[in-house]
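In: next comes the sequence, and after it the predicted model I'd like to discuss.
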Amino acid sequence: MLNHVDVVIVGAGLSGLAAGWELRKHGKSFAILEAQSRVGGRVLTITHEDSTIDLGAQWVSPFQPRIQALLKYFQIKTIPSYNEGKTIFDLHNKRMLGMNKFPPLSPHGRLDLLLTQRKIQEFTKLLTKEGVRQSCISHKCDSITIDNWIEGQMFSKLGKSFFKIFCGELASLELNELSFLDILWFIQSAGGLEKILTGEDEWITNGAQTLPRLMAEAMHEQIFMNQPVRKIVWGGNRVTVHTDSNVWKSRKVIVALPPTFSARIQYDPPLPALREQLCQRVGQGSIIKSVIVYATPFWRDQGLSGNSYNDYGPIRATMDSSTPGQPQGVLTALIGGKYARRIGQLPPLERKKEIVACLGLLFGNKALDPIALYEKDWSEDPWSRGGYAAHFATGVITEYGAALTEPVGPLHWAGTETANEWRLYMEGAIESGERAAKETLK
Ligand SMILES: Cc1cc2nc3c(=O)[nH]c(=O)nc-3n(C[C@H](O)[C@H](O)[C@H](O)COP(=O)(O)OP(=O)(O)OC[C@H]3O[C@@H](n4cnc5c(N)ncnc54)[C@H](O)[C@@H]3O)c2cc1C
């Protein structure tokens with residue numbers, strides 16, 4: 001079978017779908033080739049009785065215009081996250097209850113957190129003004145890890161401990177693995193720390209995968225499942241894209257994959273050295289998302305919101321994901337970085353025992369008796385091999401970052417990792433797909 005289109009899009013995650021959506025508006029012919037038998041990539045919804053459970057992306061911010069517009073277009077409603085009641089902060093064996101996302105620290109600790117927030121805001125403003133990759137400030141921030149920066153900057157034990165959990169939870173990596181510039185870029189692309197804090201304000205009714213499913217339904221004639229792209233050959237004005245069973249010809253290709261996956265495709269001619277070496281140096285975080293169902297949201301009776309942070313692991317953070325109108329209580333537990341790598345190797349029963357035991361420490365004995373526990377270790381997923389997204393160690397963004405979005409002949413790069421706004425979120429995936437599609441129109 002030989003197929004001719006204007007643009008081939010590799011991957012039917014939100015970035016690939018958004019690229020197709022944009023090309024459709026411009027009347028271009030395209031084909032989206034997806035390796036798996038489902039769309040959505042890192043967005044995955046399953047069902048439990050009458051409720052849906054998100055094992056991948058779940059939350060959106062009211063300040064994410066693209067995803068909000070698509071949700072509106074498909075008449076998909078969002079649910080405000082449950083934030084009534086107190087948040088548990090278990091830091092350095094000290095249990096504290098706070099009313100918002102920050103722990104109730106001593107004046108000394110509060111000052112420390114406030115000064116840290118201010119410094120981060122100043123840095124992100126400078127990056128906006130001077131550019132993320134080239135400026136002096138970028139080189140300085142790219143030469144140290146976020147761990148080094150926190151250790152050098154913060155002076156209170158509890159403030160430091162909380163801020164480390166906060167950053168680790170954002171990235172699903174250990175802080176000594178991450179460039180300070182990587183975290184700053186992430187925050188800057190969302191519009192600052194205040195905006196990042198709105199990233200989990202709402203979640204999508206009937207599950208986040210409703211959106212990619214509806215987008216795919218609207219473009220069903222252009223989407224081809226079970227088509228892992230293996231090889232891309234290009235020259236002159238033509239590109240040939242090979243899957244296991246098909247060959248496609250096009251003028252342009254949009255590779256809408258995490259950078260590591262873009263490098264698993266064979267290119268002829270080979271990619272420029274800088275792009276290849278960038279892909280050698282960028283890796284996905286480690287995340288296990290666990291969703292625990294209880295007969296009731298018992299924590300609410302204790303005046304708790306279901307939000308928690310602790311520094312002993314394996315769970316770093318929890319949130320209440322109970323569906324309004326349903327009697328059952330649902331807690332989402334996020335296990336990232338070294339904890340995901342350790343418990344990911346345990347037999348499933350032992351892993352579940354550890355997760356439930358940790359919930360018992362946080363929420364008391366009632367947490368020891370769930371009616372169901374669902375989990376997904378994204379590092380084991382053959383088409384993601386980690387989550388939430390890719391991050392950079394020190395020196396990589398400034399030395400190799402230019403190759404992240406720079407087209408190579410007729411090849412264009414999408415995927416949330418390449419986004420300018422809300423990078424690493426679903427919003428970023430959509431922004432990157434739209435941007436790459438517009439590039440192919442030029
Ligand atoms: C556990 C978890 C929780 C998250 N929570 C949130 C959240 O609450 N809010 C939020 O905004 N974001 C969240 N994210 C991040 C969000 O899921 C991603 O930013 C977004 O979905 C990435 O979309 P993408 O299209 O860039 O990549 P992907 O979703 O990874 O899509 C890439 C697609 O390409 C396919 N593919 C790979 N290789 C090939 C090949 N060779 N040929 C053909 N197809 C191929 C894959 O199967 C996949 O479908 C979370 C992620 C995870 C893992």
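Out: Structure received.

In: what's the closest non-adjacent residue to the residue in the stretch 101-250 of the chain that the ligand sits nearest to?
Out: In the stretch 101-250 of the chain, the residue that lies nearest the ligand is residue 229 (3.7 Å; C-beta to the nearest ligand atom). All C-beta atoms are positioned from the backbone trio N, CA, C, and that covers glycine. Closest residue to residue 229 apart from its sequence neighbours, by C-beta to C-beta, 6 or more residues apart in numbering: residue 10 at 4.7 Å.

In: the one you found: what's it in contact with?
Out: 16, 33, 229, 241, 253, 254, 255, 256, 257, 265 (C-beta atoms under 8 Å, 6 or more residues apart in numbering).

In: so it versus residue 234, what's the distance?
Out: Distance, residue 10 to residue 234, using C-beta to C-beta, to the nearest Å: 13 Å.

In: for residue 95, same thing?
Out: Distance from residue 95 to residue 234, by C-beta to C-beta: 59 Å.

In: closest one to residue 413 out of the contacts of residue 10, please.
Out: Within these, the smallest distance to residue 413 is 5.7 Å, found for residue 255 (C-beta to C-beta).

In: I figured the closest one hits residue 265, correct?
Out: Yes - counting by C-beta atoms under 8 Å, residue 265 is a contact partner of residue 255 at 7.2 Å.

In: shared neighbours, these two?
Out: Going by C-beta under 8 Å, 6+ apart, residues that sit against residue 255 and also against residue 265 are 10, 232.

In: these two - which one has more neighbours?
Out: The neighbour count for residue 255 versus residue 265, taken as other C-beta atoms under 10 Å, is higher for residue 255 (28 against 19).

In: list the contacts of that one.
Out: 10, 11, 232, 262, 265, 411, 412, 413, 414, 415.

In: of all those residues, which two lie farthest apart?
Out: 232 and 415 (15.5 Å).

In: just want to know which of those two has more residues nearby.
Out: residue 415 (33 against 23).

In: the residue nearest to the more buried one when sequence neighbours are not counted: which element?
Out: Of all residues not flanking residue 415 in the chain, residue 15 sits nearest, at 4.9 Å (C-beta to C-beta, 6+ apart). Per DSSP states H and E: residue 15 is located in helix 14-25.

In: what count of nearby residues applies to the residue in the stretch 301-442 of the chain that the ligand sits nearest to?
Out: Using C-beta to the nearest ligand atom, the single residue of the stretch 301-442 of the chain nearest to the ligand is residue 387, 2.7 Å away. Other residues lying near residue 387 total 25 when counted by other C-beta under 10 Å.

In: against residue 403, how distant is the nearest residue to it once chain neighbours are set aside?
Out: Nearest residue to residue 387 in three dimensions, chain neighbours excluded: residue 378, at 3.6 Å (C-beta to C-beta, 6+ apart). Per C-beta to C-beta, residue 378 is found 25 Å from residue 403.

In: next: residue 315.
Out: 36 Å.

In: who has more neighbours out of these two?
Out: Using other C-beta under 10 Å as the criterion, residue 315 and residue 403 rank with residue 315 on top: 27 against 19.

In: OK, contacts around the more buried one?
Out: Residues 290, 308, 333, 334, 335, 339, 355, 358, 359, 362 are the ones in contact with residue 315 under the rule C-beta under 8 Å, 6+ apart.

In: what about 6 Å?
Out: By C-beta atoms under 6 Å, 6 or more residues apart in numbering, residue 315 lies in contact with 333, 335, 358.

In: what's the burial count for residue 237?
Out: If we define neighbours as other C-beta under 10 Å, then residue 237 has 8 of them.

In: over to residue 19?
Out: Residue 19: 34 neighbours (other C-beta under 10 Å).

In: per-residue confidence for it?
Out: Here the pLDDT value assigned to residue 19 is 98.

In: correct me if wrong: it contacts residue 257.
Out: No - Residue 19 is beyond contact range of residue 257, at 11.6 Å (criterion: C-beta atoms under 6 Å).

In: now the helices for the stretch 101-250 of the chain?
Out: 107-130, 136-141, 146-153, 157-171, 180-189, 193-196, 210-218 (DSSP state H, counting those that start in this stretch).

In: so can I have CSV of the ones you listed showing distance to the ligand?
Out: Output for those, formatted as CSV (distance: least, C-beta to the nearest ligand atom, whole Å):
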stretch, distance to the ligand
helix 107-130, 19
helix 136-141, 23
helix 146-153, 19
helix 157-171, 11
helix 180-189, 11
helix 193-196, 11
helix 210-218, 8
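
In: which of those sits closest to residue 324?
Out: helix 210-218 (16.3 Å).

In: so who does residue 83 touch?
Out: Here residue 83 is in contact with residue 305 (C-beta under 6 Å, 6+ apart).

In: A strand includes it, no?
Out: No - going by DSSP: H, G, I helix; E, B strand; the rest coil, the assignment for residue 83 is coil, not a strand.

In: how close does it sit to the ligand?
Out: Using C-beta to the nearest ligand atom, to the nearest Å, we find residue 83 at a distance of 15 Å from the ligand.

In: go on, residue 77?
Out: Taken as C-beta to the nearest ligand atom, the span from residue 77 to the ligand is 16 Å.

In: wait, that residue sits on residue 204?
Out: No - checked against C-beta under 6 Å, the pair residue 77 and residue 204 is beyond contact range at 8.0 Å.

In: show me which of the two is the more surrounded one.
Out: Neighbour count, other C-beta under 10 Å: between residue 77 and residue 204, residue 204 has more, with 24 against 11.

In: let's see the pLDDT reported for the more buried one.
Out: Per the predicted model, pLDDT is 96 at residue 204.

In: do the same with residue 99
Out: 89.

In: what sits against the residue lying closest to it once chain neighbours are set aside?
Out: Spatial nearest neighbour of residue 99, excluding adjacent residues (C-beta to C-beta, 6+ apart): residue 86 at 6.2 Å. Applying C-beta under 6 Å, 6+ apart, we find residue 86 in contact with 97, 303, 304.

In: again with residue 366
Out: residue 298.

In: so it versus residue 331, what's the distance?
Out: 11 Å.

In: could you do residue 241 as well?
Out: 43 Å.

In: over to residue 319?
Out: On the measure of C-beta to C-beta, residue 319 and residue 331 end up 7 Å apart.

In: those two: which has the busier surroundings?
Out: Neighbour count, other C-beta under 10 Å: between residue 319 and residue 331, residue 331 has more, with 26 against 21.

In: show me what that one bridges to in the sheet.
Out: With DSSP bridges as the criterion, residue 331 is bridged to residue 292, residue 320.
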